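A.B. asks: next one to model:
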Amino acid sequence: MATTINKQRLLNQVLSVLNEADREEALPVLQQFIFGLCRESATAEQARQAYQNLSEQFFDWNEVRVSSVRELEEALAGLGDTESRAQRLLSFLQEVFETTFSFDLDTLQKKGLKQAAKQLSRYGSANDYVCSWVVQRALGGHAIPVDAPTLRCTRRLGLLEAEDEGEEARAALEHLVPKAKGPQFTDAISQIAEEYCWEDEPNCAACPLARDCATAQDNGEALTARPARTKPR
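C.D. replies: Residues are numbered from 1 along each chain as shown. This next block holds a predicted model:
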């Protein structure tokens, strides 16, 4: 396990990986919830394309709400588990419509952060990742969304213990990562997962963090990068 000093050095290196162009755009609360549904366990580009499809192929969010699961699956093509995502999206929009008769959740920004987060968590389609995403991106709170690629990378780097998962993993990362760096960290660790830290046969030799990565060092990785390939998440 990395020491506190090593963790801080690793964190700085992780943050330096992200290109400015790869940062996510600001969106209102409802739209960030939807983007979070797309973003979990997906690359930034996959999520952007899926969200763009939803925005361009449907007249508005009400049309999305009354569409079929199959229609939404087509719009979400490129993401994993499109059926489940489509069902969650329909459920979320239906709940919002039934409770607000609109598709605007920006009133949550006027509530205390704890109350807003609690209200978000009550939606049937919400999970810890999506709620943390909205808190971080739209509500100005300190939260680190943790999906499978984030958990994989942070464990391999030694930023988390092997047994850390769920809310415990999120709390540990929130303690390590400053609030102001939360979005940058989330996007950077996702980029590392996409480009190097693949689930099977990670390309450690090409990864800029290899010399300080606990897993790469334990595996005695050679410093010759393998050819690029399609990278599973």
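
A.B. asks: so S125 sits right up against R88, yeah?
C.D. replies: Yes - applying C-beta atoms under 8 Å as the test, S125 and R88 come out as touching, 3.9 Å apart. Every C-beta, even on glycine, is put in place using the N, C-alpha and C of the backbone.

A.B. asks: quick check: neighbours shared by those two?
C.D. replies: Any residue near both S125 and R88 by C-beta atoms under 8 Å, 6 or more residues apart in numbering counts here, and that gives L37.

A.B. asks: point out where this protein drops to low pLDDT.
C.D. replies: Under the criterion pLDDT under 70, the flagged ranges of the chain are 1-2, 19-23, 221-233.

A.B. asks: just the C-alphas of stretch 71-84, formatted as CSV.
C.D. replies: These are the backbone C-alpha positions of stretch 71-84, laid out as CSV (Å, rounded to 0.1, in the frame of the first residue of the first chain):
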residue,chain,number,x,y,z
GLU,A,71,-35.7,3.4,-29.0
LEU,A,72,-33.6,4.6,-26.1
GLU,A,73,-31.3,1.6,-26.5
GLU,A,74,-30.6,2.7,-30.0
ALA,A,75,-29.7,6.2,-28.8
LEU,A,76,-27.4,4.7,-26.1
ALA,A,77,-25.6,2.4,-28.5
GLY,A,78,-21.9,2.2,-27.7
LEU,A,79,-22.5,2.0,-23.9
GLY,A,80,-22.6,-1.2,-22.0
ASP,A,81,-25.9,-2.7,-20.7
THR,A,82,-28.0,-0.3,-22.8
GLU,A,83,-31.3,-2.0,-21.8
SER,A,84,-30.8,-1.4,-18.1
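
A.B. asks: next one: that stretch to chain centre, how far?
C.D. replies: Offset of stretch 71-84 from its chain centre (C-alpha atoms, centre = their mean, to the nearest Å): 17 Å.

A.B. asks: contacts for stretch 128-144?
C.D. replies: Contacts for stretch 128-144 (C-beta under 8 Å, 6+ apart): 24, 26-29, 32-33, 35-37, 39-40, 108-109, 113, 116-117, 120-121, 145-147, 150, 166-167, 170, 173-174, 177, 179, 182-183, 185-186.

A.B. asks: which among the residues you listed end up buried?
C.D. replies: Taking 16 or more other C-beta atoms under 10 Å as the criterion, what is buried in the contacts of stretch 128-144 is 24, 27, 29, 32-33, 35-37, 39-40, 108, 116-117, 120, 145-147, 150, 170, 173-174, 177, 182-183, 185-186.

A.B. asks: domain parsing for the chain?
C.D. replies: 4-21+144-218, 29-137 (automatic domain parsing).

A.B. asks: how close does F185 get to T154?
C.D. replies: 10 Å (C-beta to C-beta, to the nearest Å).

A.B. asks: A162 now?
C.D. replies: 11 Å.

A.B. asks: okay, those two: which has more neighbours?
C.D. replies: More crowded of A162 and T154, by other C-beta atoms under 10 Å: T154, with 26 against 9.
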